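Novice: one predicted model, sequence on top.
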Amino acid sequence: MSNTKNKKVPSELGTERISKLLRQYAIPAIIAQIAASLYNLIDRAFIGHIPNVGTDAISGLTNTFPFMNLSVAFGAMVGVGGATLLSVRLGQRDYDSAKNILGNLVTLNVIVGTIFAMASFLFIDEILLFFGASENTLPYARDYMEVILLGNIITHLYFGINAALRSSGHPQQAMTATIITVIMNAILTPIFIFWFGMGIRGAALATIMAQAITLVWQTKLLSNPNELLHLQRGIYKLRNEIVKKILRIGLSPFLINTAACMVVIIINKGLRENSISIDDGDISTAAYGISNSMQFIFVMIVLGLTQGMQPIVSYNYGAKRPDRVRKALMQTMMWATLVTTLGFVVCVGCPGLVAQIFTSEPLLIERTSWAMRVMCMFMPVIGFQLVTTNFFQSIGKVNRSIFLSLTRQVLMLIPLLIILPQFFGIEGVWYSMPISDIVAAMLTVVTLVLQFKEWKNEKANVNL
């Protein structure tokens, strides 16, 4: 065991009140997630108002969703897996392992980010066409993704180091990093799009430059030798056991994002194939992009809650404090349900006002308003489902986390997206989404009840 004297050790996770810890860790994560969700909103809001190309550009940006989700999937496999393992080792007071996990997290992000970018560049047009781009929207999708892929290593390191900051007891700094990035992005995007006349490429370049600037600041923070966990020599060599555990824990978020990639591909194709023309398909795709972005804001708030919950649950699970684990879970569930219920009120109550943020075209506003009401029909149950999925991941129950992840995105939604349009046309595509939400929530309740019974039986056996 290394000498931890005079080093800052994050032990409050096992002693402080759960409600206070959740506020301390979740609020910064929520702010960070809201800020992160503004990336897409900022890009869409400016891109949608580019003269003469707004609708096609938004539709092209929507076609990049699967590409972005796939990149995020690989990044989350390393970042979330490493951050969760880091929290567990801190709870176990295994500080030497925690240091090596941090180094391996950085190395893996560089490797994965490089391989993904290189492979994607080789087949970028073919991939975008497969993801649902049309001849009208392909140029815009390509212009955006080429710039994003050039900065892919920066993006992976940015998110990976932020996850490490949060899990090592620095949620405020992780939040600040995200806010700085979004502010920089909001400033640079209109400058590059309109002032320099770069169009959709300018939006992508603004995103990468903002992340690069923040990454420099993050690296400086994580290089402080007074911290127990900091970037130092000897921790970057990949260790087989650590890599396996990071990838195993990160498999759940990887599958979640990969499933999201598959879903968007099928939705884009379903909207196009069931539309009366290419232009009508582009309008439907743009409407989906706007509606999904609005729903995404509230989902990101819930993900912020789960990120705040994760180090609390992982630490106390490692420290064998089941009472604190359950309390953190229940409080997070309550707040998540309130958030998604608020999202339901906004998206169903005033979708037209939301649509006008992104476009001034009447047909697109009308299509978006209808789509948003349908997509968000059962939105209140999404929060509970997301929290429970993350909870199982945080305590190392990877198989259950994967099952719940796949239930909503794959086991239910994809079959519905294939079957319902056969009978109901384009409306079948739209209604597949809320139906999968409610069914996945029911299965989540059953899975969580089984887990509680398992804990109860374990406790009874201990008391015998």
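Specialist: Here it is on my side, so go on. Just so it is clear, the structure is predicted and the values come from calculations on it, not from any experiment.

Novice: quick one, helices of the stretch 301-450 of the chain?
Specialist: 322-349, 351-358, 362-375, 380-394, 398-406, 413-424, 426-463 (DSSP state H, counting those that start in this stretch).

Novice: what's the most buried one of the ones you listed?
Specialist: helix 380-394 (a mean of 25; mean count of other CB atoms under 10 Å). Where you see a C-beta, it was placed from the backbone N, CA and C, and this is true even at glycine.

Novice: gap between it and the chain center?
Specialist: Here helix 380-394 is found 13 Å from its chain centre; the criterion is CA atoms, centre = their mean, to the nearest Å.

Novice: export that helix to CSV, keeping only CA atoms.
Specialist: Taking C-alpha atoms only, helix 380-394 is exported to CSV below (Å, rounded to 0.1, in the frame of the first residue of the first chain):
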residue,chain,number,x,y,z
PRO,A,380,-42.4,10.1,-16.6
VAL,A,381,-41.3,6.4,-16.4
ILE,A,382,-38.0,6.9,-18.2
GLY,A,383,-36.3,8.4,-15.2
PHE,A,384,-36.9,5.4,-13.0
GLN,A,385,-35.7,3.0,-15.7
LEU,A,386,-32.5,4.9,-16.3
VAL,A,387,-31.6,5.2,-12.6
THR,A,388,-32.2,1.5,-12.0
THR,A,389,-30.0,0.5,-15.0
ASN,A,390,-27.2,2.7,-13.8
PHE,A,391,-27.6,1.4,-10.2
PHE,A,392,-27.0,-2.2,-11.3
GLN,A,393,-23.9,-1.1,-13.2
SER,A,394,-22.6,0.8,-10.1
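
Novice: just the angle for the least confident helix or strand in the chain by mean pLDDT relative to helix 362-375, thanks.
Specialist: Using mean pLDDT, DSSP states H and E, the weakest-scoring helix or strand in the chain turns out to be helix 54-63, at a mean of 69. Angle between the axes of helix 54-63 and helix 362-375 is 30 degrees (criterion: axes from the mean of the first three to the mean of the last three CA atoms, to 10 degrees).

Novice: touching, Asn274 and Ile426? I think so.
Specialist: Yes - the criterion here is CB atoms under 8 Å, and Asn274 meets it with Ile426 at 3.9 Å.

Novice: circling back to that earlier point, out of the helices of the stretch 301-450 of the chain, nearest to Leu150?
Specialist: Leu150 lies closest to helix 351-358 among those, at 26.3 Å (CB to CB).

Novice: kindly export that closest one (C-alpha atoms) in PDB.
Specialist: C-alpha atoms of helix 351-358 as PDB (Å, rounded to 0.1, in the frame of the first residue of the first chain):
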ATOM      1  CA  PRO A 351     -44.200  21.600 -28.300                       C
ATOM      2  CA  GLY A 352     -44.800  24.400 -30.900                       C
ATOM      3  CA  LEU A 353     -42.900  26.900 -28.800                       C
ATOM      4  CA  VAL A 354     -40.000  24.500 -28.500                       C
ATOM      5  CA  ALA A 355     -39.900  23.900 -32.300                       C
ATOM      6  CA  GLN A 356     -39.700  27.600 -33.000                       C
ATOM      7  CA  ILE A 357     -36.300  27.700 -31.300                       C
ATOM      8  CA  PHE A 358     -34.900  25.600 -34.100                       C
END
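
Novice: tell me what it is packed against?
Specialist: Secondary-structure packing of helix 351-358 (3 or more CB pairs under 8 Å, 6 or more residues apart in numbering; DSSP states H and E): helix 18-47, helix 278-318, helix 362-375.

Novice: how far out from the middle of the chain is stretch 367-378?
Specialist: On CA atoms, centre = their mean, the centre of stretch 367-378 falls 21 Å from that of its chain.

Novice: residues in contact with it: which ones?
Specialist: Residues from elsewhere that reach stretch 367-378 (CB atoms under 8 Å, 6 or more residues apart in numbering): 283-284, 286-288, 290-292, 294-295, 343-344, 347-348, 351-352, 354-355, 358-359, 430-431, 433-434, 437-438, 441.

Novice: and Gly425, how far is that from Ile276?
Specialist: Here the criterion is CB to CB, to the nearest Å. By it, Gly425 lies 10 Å from Ile276.

Novice: more neighbours: those two, which one.
Specialist: Gly425 (14 against 8; other CB atoms under 10 Å).

Novice: burial count for the nearest residue to that one once chain neighbours are set aside?
Specialist: With CB to CB, 6 or more residues apart in numbering as the criterion, Gly425 has its nearest non-adjacent residue at 5.0 Å, and that residue is Asn274. Other residues within reach of Asn274, judged by other CB under 10 Å, total 19.

Novice: give the helix, strand or coil label for Gly81.
Specialist: What DSSP: H, G, I helix; E, B strand; the rest coil gives for Gly81 is helix.

Novice: before we move on, what about Tyr236?
Specialist: Secondary structure, three-state DSSP: Tyr236 is coil.

Novice: confirm for me that it is in contact with Leu102.
Specialist: No - Tyr236 is not in contact with Leu102 according to CB under 8 Å; the separation is 9.2 Å.

Novice: higher neighbour count, these two?
Specialist: Leu102 (25 against 16).

Novice: ok, and the closest non-adjacent residue to Gly383?
Specialist: Computed as CB to CB, 6+ apart, the closest residue to Gly383 that is not its neighbour in sequence is Ala336, at 3.3 Å.

Novice: these two touch, right, that neighbour and Thr389?
Specialist: No - contact criterion CB under 8 Å: Ala336 and Thr389 do not qualify, at 11.1 Å.

Novice: now the strands for the stretch 151-300 of the chain?
Specialist: Applying DSSP state E, counting those that start in this stretch to the stretch 151-300 of the chain gives no strands.

Novice: for Thr155, give its distance to Ile30.
Specialist: Using CB to CB, we find Thr155 at a distance of 21 Å from Ile30.

Novice: what does Ala328 give?
Specialist: 15 Å.

Novice: what's the answer for Met333, then?
Specialist: Taking CB to CB as the measure, Met333 falls 15 Å from Ile30.

Novice: one more: Glu366?
Specialist: Glu366 is 33 Å from Ile30, by CB to CB.

Novice: now do Gln173
Specialist: Distance of Gln173 to Ile30, computed by CB to CB: 15 Å.

Novice: between those two, who's got more neighbours?
Specialist: Ile30 (22 against 17).

Novice: list the contacts for the more buried one?
Specialist: Per CB under 8 Å, 6+ apart, neighbours of Ile30: Ile301, Gly304, Leu305, Gly308.

Novice: any idea how far it is from Thr178?
Specialist: Applying CB to CB, the value for Ile30 to Thr178 is 10 Å.

Novice: touching, Met412 and Met433? I think so.
Specialist: No - using CB under 8 Å, Met412 is not in contact with Met433, being 10.0 Å away.

Novice: residues near Met118, how many?
Specialist: When neighbours are defined as other CB under 10 Å, Met118 has 11 of them.
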